[in-house]
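*Asks:* Please work out how this folds:
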Amino acid sequence: MSVAPRRRGRTALLIAAAAALGVVAGSCTGYLVQADREPTKLPSLSQTALSQSKGKAPEPLSAAQDRQVRVDGDLRKLLLKKPSGAKAADWLADDGWMGLTEYADSFKKPGTMFNSLIEDEFRRAAVTGWEAGNQTVEIRLIQYRQEENVEAADASDDGQYWADREPRTDSWTIPGTSSGTAYVHNRPETEAGYVPLYSAEAHAYRGDVALEVWIYDTKPIPKSKIMDLAERQMERL
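*Replies:* Now for the predicted structure:
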């Protein structure tokens, strides 16, 4: 329960007014004293010439070395490739892009999320996925403009917040990241008429790109599976 702030009483207002009058009076006295003084001579503006460094300037980073060049290009090329023998996900668009509306629809409250993504300066999302037996994998790279806030980091934190709330969940830090985390949910989702469905997920970010990895299977998912995908995908960023 929030508590309303206490109102300022009359005594506080009187003290504030007296303090303000004191500041005005002090300023007037200081002005009169300063007016009777001789002007102070300003120092010379000249200074010792600065020596210029010698040698060649460092070479600019190549496109392969400059991470921002890579993520400003075709974001889909940074996604992990589908393993041999796996079937491409038929629930994803063939072009590898996920639009704002489609991404918002993947949340429980699409309308609310749509507005939030606009405020968060959503730029674009690249996605890939595949099926291997009863296991499905989906990987998303969500990029933000970040003209106002560091939204990629916030998006990663949000994903981790909800993952942590799931019961019977184990989690591990993703190597090579400052706060990236992988999760395995040990309690399956159950619904009448369907086999139990286990899940694992990972959330991390680098620069203006947030990473989401999702795995679903009819049997428990080992730590090694989600960690391998998360680590390899982050290396490509």
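
*Asks:* Would you mind listing the buried residues in stretch 229-237?
*Replies:* For stretch 229-237, burial by neighbour count (16 or more other C-beta atoms under 10 Å) applies to 229-231, 233-234, 237. Backbone N, C-alpha and C define where each C-beta goes, glycine included.

*Asks:* pLDDT and distance to Ser179 for those residues - can I get that in CSV?
*Replies:* CSV is the format used below for the buried residues of stretch 229-237 (pLDDT from 0 to 100; distance: C-beta to C-beta, whole Å):
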residue, pLDDT, distance to Ser179
Leu229, 98, 18
Ala230, 98, 13
Glu231, 98, 15
Gln233, 98, 16
Met234, 98, 12
Leu237, 92, 14
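
*Asks:* Looking at those residues, which is nearest Gln135?
*Replies:* Set against Gln135, the nearest of those by C-beta to C-beta is Leu229 (11.4 Å).

*Asks:* partners of the nearest residue to that closest one once chain neighbours are set aside in the sheet?
*Replies:* Nearest non-adjacent residue to Leu229, counting by C-beta to C-beta, 6 or more residues apart in numbering: Val213, 5.2 Å away. Note on Val213: beta-bridge partners by DSSP bridges are Ile139, Ala202.

*Asks:* which residue ranges form the helices in this protein?
*Replies:* 10-35, 67-72, 100-104, 110-119, 151-164, 223-236 (DSSP state H).

*Asks:* coming back round to it: the residue nearest to Leu229 against Val184, yeah?
*Replies:* No - Val213 is not in contact with Val184 according to C-beta atoms under 8 Å; the separation is 11.7 Å.

*Asks:* between the two, what contacts are shared?
*Replies:* 200, 226 (C-beta atoms under 8 Å, 6 or more residues apart in numbering).

*Asks:* Enumerate every residue touching Asn186.
*Replies:* 168-170, 198, 220.

*Asks:* let's see 6 Å
*Replies:* Neighbour list for Asn186: Arg168 [criterion: C-beta atoms under 6 Å, 6 or more residues apart in numbering].

*Asks:* Over to the one 3 residues further on?
*Replies:* For Glu189, the contacting residues are Leu197, taking C-beta under 6 Å, 6+ apart as the criterion.

*Asks:* Could you list everything it pairs with in the sheet?
*Replies:* Applying DSSP bridges, one finds that Glu189 bridges with Leu197.

*Asks:* What's the per-residue pLDDT of it here?
*Replies:* Model confidence at Glu189, given as pLDDT, is 95.
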